[in-house]
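> pasting the structure only:
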């Protein structure tokens with residue numbers, strides 16, 4: 001078991017000023033969410049991730065700096081950044097502040113089986 005993601009080119013990623021959404025995120029006793037960012041670009045990137053609950057209220061945010069070719073995963077940002085432990089319909093807004101080639105993916109993981117569901121970024 002696990003996750004399999006298709007390869008992407010830098011041109012398929014987000015550039016400075018561009019936004020993508022990660023919908024259908026959960027953080028509760030049954031499921032947890034991790035958010036991953038990859039910089040497929042040739043230079044460093046800065047990315048802001050804003051976290052929202054199901055009503056659309058912003059509950060937290062964080063910024064990541066990524067070197068060219070770097071991958072980073074934020075483990076349970078709704079819990080660890082936004083102090084949300086009973087969230088069933090959250091989402092994240094990913095904005096590239098600088099750089100290009102940024103790809104965002106979320107994993108919603110079953111807390112009993114550890115089976116992940118892949119949530120790919122959606123451009124508005």
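Here it is on my side, so go on. No experiment lies behind these values; they were computed from the predicted model shown.
> this protein: helices as residue ranges?
77-80 (DSSP state H).
> quick one: contacts for the spatially most central residue of it?
Centroid-nearest residue in the chain, with CA atoms, centre = their mean: residue 35, separated by 3.4 Å. Applying CB atoms under 8 Å, 6 or more residues apart in numbering, we find residue 35 in contact with 22, 49, 73-74, 77, 92, 104-107. For the C-beta atoms, the positions are set from N, CA and C on the backbone; glycine is no exception.
> least confident secondary structure element in this protein?
For the chain, counting by mean pLDDT, DSSP states H and E, strand 116-120 ranks last in confidence among helices and strands (a mean of 94).
> list the buried residues in the strand ranked longest in the chain.
Under DSSP state E, the strand in the chain containing the largest number of residues is strand 87-98. Within strand 87-98, the residues that count as buried by 16 or more other CB atoms under 10 Å are 87, 90-96.
> now it, how far from the centre of its chain.
Strand 87-98 sits 6 Å away from the centroid of its parent chain (CA atoms, centre = their mean, to the nearest Å).
> again with stretch 65-78
8 Å.
> elements contacting the longest strand of the chain?
In terms of contacts (3 or more CB pairs under 8 Å, 6 or more residues apart in numbering; DSSP states H and E), strand 87-98 is packed against strand 19-27, strand 31-39, strand 45-52, strand 58-66, helix 77-80, strand 102-110.
> quick check: angle from the third one to strand 87-98?
It stands for strand 45-52. Counting by axes from the mean of the first three to the mean of the last three CA atoms, to 10 degrees, strand 45-52 lies at 160 degrees to strand 87-98.
> what does the second one give?
When the same axes, to 10 degrees is applied, the directions of strand 31-39 and strand 87-98 differ by 10 degrees.
> that older thread, mind picking the two most distant members of the contacts of residue 35?
49 and 107 (14.2 Å; CB to CB).
> so which of the two has more stuff around it?
residue 49 (20 against 17; other CB atoms under 10 Å).
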